[in-house]
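In: The sequence and its predicted three-dimensional model are supplied below.
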Amino acid sequence: SLIMNQTADIIICLEPSVGMSIIMKYLSPAGTLIINERPFLQKCQKTNRSLQRLAGRTVRFDLVTGACSLKDPRVSAFTVVGVLEGIGRLPVSAKALQGYLEEIYPEKREEYLTAWKTGRQGISGEFK
């Protein structure tokens, strides 16, 4: 494994019931857990509440609503970039990332920027 036990600073969990064992094993006690507020599997609602106790900081966001508001749902994963920026944990500068999008995906740049903004605005709760 590339990550030692209980050393991950951030874990992004789109489907909590699937990721629970990973979170318990790798997230540091002071780490940040980013949880999709509307899990795809209904049984995950209780799991979300349980996971909040495992992290030093928990951030909730609604990936489903964000994805549905985009023209191309394939760019919906980019909403996580907005979440990371919204909590001050984006590992690169916003300017550098925008330049990358312009260079690599010029025809879809606006869609990616919309997904980014959607993620930043979609943070629905934060718990410490």
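Out: Yep, that arrived. Numbering: from 1, shown residues only.

In: When you work out contacts or count neighbours from here on, use the C-alpha atoms and nothing else.
Out: Noted.

In: got the contact list for the longest helix along the chain?
Out: For the chain, the helix with the greatest residue count under DSSP state H is helix 109-121. Residues from elsewhere that reach helix 109-121, judged by C-alpha atoms under 8 Å, 6 or more residues apart in numbering: 61, 63, 66-67, 70-72, 75-86, 98, 101-102.

In: Just give the nearest non-adjacent residue to the residue nearest to the spatial centre of the chain, would you?
Out: In the chain, the centroid-proximal residue (C-alpha atoms, centre = their mean) is residue 80; its distance is 3.9 Å. Distance criterion C-alpha to C-alpha, 6 or more residues apart in numbering; nearest residue to residue 80, sequence neighbours excluded, is residue 119 at 5.8 Å.

In: hmm, back to that, now which of the contacts of helix 109-121 would you call buried?
Out: By neighbour count, with 16 or more other C-alpha atoms under 10 Å, these hold 61, 63, 66-67, 70, 75-86, 101 as buried.

In: ok, which stretches of this protein are helices?
Out: Secondary structure of the chain (DSSP H): helices located at 16-26, 44-51, 63-68, 79-86, 94-104, 109-121.
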